[in-house]
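**Q** Build me a model:
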Amino acid sequence: MQDYKTPGVYVEEIPKFPASVAQVASAIPAFIGYTEKQGDGNKYHLLPTRISSLAEYADRFGGPKNEAITVTATETSEKVYDVSVAPINPTHLMYYSLEMYFANGGGACYIVSVGTYVDAPEYGDNGTKSGPAKGLIAGLNKLKEQDEPTLIVFPDATKMTTKYANLLQDALMQCNELQDRFVIMDAHPDISTFRNLSSDYLKYGAAYYPSLVTSLNYSYLDAGVTVGVKGLSASKAANSPLSELKTSNNALYNQVKDLLALENVVLPPSSAISGVYARVDRENGVWKAPANVSLNAVIKPSIRITDKDQEDLNVHTTGKSINAIRAFSGKGTLVWGARTLDGNSNEWRFVSVRRFFNMVEESIKKGTGWVVFEPNDANTWIKVKAQIENFLILQWRAGALAGAVSEDAFYVNVGLNTTMTEQDINEGRLIIEIGLATSRPAEFIVLRFSHKLQQS
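**A** The predicted structure is shown next:
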């Protein structure tokens with residue numbers, strides 16, 4: 001109460017409403033990998049940088065790496081050629097991955113550039129000290145300093161071999177330590193990488209398989225395309241850059257250009273999946289499983305998966321589930337799995353459940369910061385309980401929590417002899433217990449049919 005000294009009328013506003021809990025963003029991925037550039041003077045090297053569009057990425061980090069492409073043109077009759085393109089195996093996928101992320105509904109994200117294309121090591125070195133593992137782990141460690149990112153993606157990491165599992169395990173450890181993020185993994189061509197992961201912290205990651213044949217085209221320069229022209233006789237054979245054919249053999253030049261336009265970029269799925277997470281969170285909510293959702297800018301999965309194939313991916317003896325991406329007639333390419341790597345866990349089996357808990361925990365943690373150093377008494381307990389309950393009622397109304405009434409959907413307990421002892425209070429601990437009945441996805445739809453006898 002004020003110390004009144006001058007006669008008059010005074011107005012006092014008495015707060016009656018508890019503080020609110022603001023829901024934190026749930027789908028802010030961080031892409032860790034190599035970029036064409038790192039800003040002027042490499043100012044963005046190992047600096048987690050927030051962007052909101054592909055144009056902003058290109059301005060700061062550049063574009064895709066121009067691929068070295070080999071084309072063979074065999075002359076079958078005079079100036080008629082049979083043209084083929086050797087398999088293109090790009091080493092740097094960050095730009096293509098960002099294209100897929102935004103095409104599938106992605107919004108704001110972070111880029112952690114660990115090096116440029118020029119100074120990036122070869123990925124075939126198995127991630128030795130001079131290899132990519134060192135750079136990617138350095139980027140992961142820098143990301144730890146950022147509070148906003150909630151998803152971790154490594155666009156280029158499938159190029160690694162023996163150190164790939166180590167990198168993923170480090171990412172899972174960071175998620176467990178910070179409890180506010182989740183790893184989207186690409187099932188390495190060798191799926192055993194995931195089966196052999198340590199069983200620690202599997203609830204903080206999900207793996208997707210197979211790679212995607214996208215509608216994107218490879219970036220290249222005409223001078224970087226080598227065309228081997230084989231004539232009708234063995235003596236007529238020459239290799240030349242595509243740029244030279246434009247004047248010397250324009251018809252063949254146009255034929256090669258048309259063929260290259262049909263070469264589609266094949267990408268690991270994590271970038272497209274991170275866009276799906278963002279889209280589903282925005283349109284439905286983080287509690288909705290990011291599955292049975294179509295992928296944009298995708299022609300087909302690189303491998304066709306059948307129901308029988310998926311049995312071993314979804315439910316495996318190791319308990320480590322891998323989510324399939326499948327093509328369905330009339331529906332396109334769909335995400336057809338909703339599990340974390342912890343497939344045997346009844347608590348953390350589903351991606352949506354784990355990520356919903358991440359969001360709720362982080363939101364309440366930030367929203368109740370005002371309680372620190374407040375009196376540890378009934379007045380404070382009532383206020384903080386009401387604050388949390390108001391937030392959870394909104395989640396229940398949105399469909400995130402299961403229950404006909406809110407009392408069935410969650411509980412919030414706090415108080416002496418309820419969640420705390422006298423010793424807890426003496427030692428400065430205010431303990432709040434929160435229980436959530438989360439909505440879970442219906443993974444197996446069982447329709448039971450039987451004959452019914454005619455009755456009239």
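
**Q** now stretch 180-200, how far from the centre of its chain.
**A** Stretch 180-200 sits 13 Å away from the centroid of its parent chain (Cα atoms, centre = their mean, to the nearest Å).

**Q** That one: which residues count as buried?
**A** 180-188, 191, 193-194, 197 (16 or more other Cβ atoms under 10 Å). Every C-beta, even on glycine, is put in place using the N, C-alpha and C of the backbone.

**Q** In strands, which of the residues you listed fall?
**A** F182, V183, I184, M185, D186 (DSSP state E).

**Q** which ones are touching the last one?
**A** By Cβ atoms under 8 Å, 6 or more residues apart in numbering, the contact set of D186 is F154, A157, T158, A207, Y208, Y209, S211, P268, P269, S270.

**Q** quick one: the first one from L212, how far?
**A** Plainly put, F154 is 16 Å away from L212 if you go by Cβ to Cβ, to the nearest Å.

**Q** Settle it for me: which of those two has more neighbours?
**A** For F154 versus L212, neighbours defined as other Cβ atoms under 10 Å are more numerous around F154 (31 against 26).

**Q** mind giving me the domain ranges of this structure?
**A** Domain segmentation of the chain under automatic domain parsing yields 29-216+265-283, 368-456.

**Q** Please identify the deepest-packed of the ones you listed.
**A** domain 29-216+265-283 (a mean of 19; mean count of other Cβ atoms under 10 Å).

**Q** Pick the one among the ones in strands among the buried residues of stretch 180-200 closest to G62.
**A** D186 (22.8 Å; Cβ to Cβ).

**Q** Do you know the pLDDT at the closest one?
**A** At D186, the model reports a pLDDT of 95.

**Q** one step back: filter the contacts of D186 down to just the ones in helices.
**A** S270 (DSSP state H).

**Q** export the contacts of D186 to TSV and tack on distance to D281 and pLDDT?
**A** What follows is the contacts of D186, written out as TSV (distance: Cβ to Cβ, whole Å; pLDDT from 0 to 100):
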residue	distance to D281	pLDDT
F154	21	96
A157	24	90
T158	25	87
A207	20	96
Y208	17	97
Y209	22	96
S211	24	96
P268	21	96
P269	18	97
S270	16	97
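
**Q** Strands along the stretch 251-400 of the chain, start to end?
**A** 264-267, 293-294, 298-301, 323-328, 332-336 (DSSP state E, counting those that start in this stretch).

**Q** Sketch out the low-pLDDT regions of the stretch 151-300 of the chain for me.
**A** 233-237 (pLDDT under 70).

**Q** Next up, the contacts around G319.
**A** S199, L202, D342, G343, N344, S345.

**Q** now G139
**A** Taking Cβ under 8 Å, 6+ apart, we find G139 in contact with I32, G33, L46, V112, S113, V114.

**Q** Next one, pLDDT for A442 please.
**A** In this model, A442 is scored at 86, pLDDT.

**Q** and it, that's in a helix?
**A** No. Checked against DSSP: H, G, I helix; E, B strand; the rest coil, A442 lies outside a helix; its state is coil.

**Q** and the gap between the residue most central in space within the chain and T150?
**A** Central residue of the chain (Cα atoms, centre = their mean): S274, 3.4 Å from the mean position. Per Cβ to Cβ, S274 is found 10 Å from T150.

**Q** Can you work out which residues contact both of those two?
**A** A27, P29.

**Q** show me the contacts for the nearest residue to S321 once chain neighbours are set aside.
**A** With Cβ to Cβ, 6 or more residues apart in numbering as the criterion, S321 has its nearest non-adjacent residue at 3.2 Å, and that residue is G343. G343 makes contact with N314, V315, H316, G319, K320, S321, R349, according to Cβ under 8 Å, 6+ apart.

**Q** what about 10 Å?
**A** When contacts are counted by Cβ atoms under 10 Å, 6 or more residues apart in numbering, G343 touches 202, 206, 313-316, 318-323, 337, 349-350.

**Q** Read off the pLDDT value for D125.
**A** For D125, pLDDT reads 45.

**Q** What of the one 10 residues further on?
**A** Residue-level confidence at G135 comes out at 86, pLDDT.

**Q** pretty sure it is in contact with L46, am I right?
**A** Yes. Using Cβ atoms under 10 Å, G135 makes contact with L46 at a distance of 8.7 Å.

**Q** any shared contact partners between these two?
**A** I32, V112, S113, V114, G115.

**Q** Surely the first one is within a strand?
**A** To tie it back to what came earlier, the one meant is I32. Yes. Assessed by three-state DSSP, I32 belongs to a strand.

**Q** wait, doesn't it sit right on A133?
**A** No. At 11.8 Å, I32 does not count as touching A133 under the criterion of Cβ under 10 Å.

**Q** what is in contact with those two at once?
**A** With Cβ under 10 Å, 6+ apart as the test, I32 and A133 both reach A157, L167.

**Q** any low-confidence regions in the stretch 1-150 of the chain?
**A** In the stretch 1-150 of the chain, residues with pLDDT under 70: 1, 120-132.

**Q** any chance you could map the helices in it?
**A** If DSSP state H, counting those that start in this stretch is used as the criterion, the helices of the stretch 1-150 of the chain fall at 54-61, 94-103, 132-143.

**Q** and A86, which of the ones you listed is closest to it?
**A** helix 94-103 (19.0 Å).

**Q** Show me what the closest one is packed up against.
**A** strand 29-35, helix 54-61, strand 109-116, strand 151-153, strand 212-217, strand 264-267, helix 270-283 (3 or more Cβ pairs under 10 Å, 6 or more residues apart in numbering; DSSP states H and E).

**Q** Need those in CSV (columns: distance to P18).
**A** Converted to CSV, these look like this (distance: least, Cβ to Cβ, whole Å):
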stretch, distance to P18
strand 29-35, 33
helix 54-61, 39
strand 109-116, 33
strand 151-153, 31
strand 212-217, 47
strand 264-267, 47
helix 270-283, 26
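
**Q** just to revisit the earlier point, among the domains of the chain, which is nearest A289?
**A** domain 368-456 (3.9 Å).

**Q** Distance across the closest one, terminal residue to terminal residue?
**A** End-to-end span of domain 368-456 (Cα to Cα, to the nearest Å): 66 Å.
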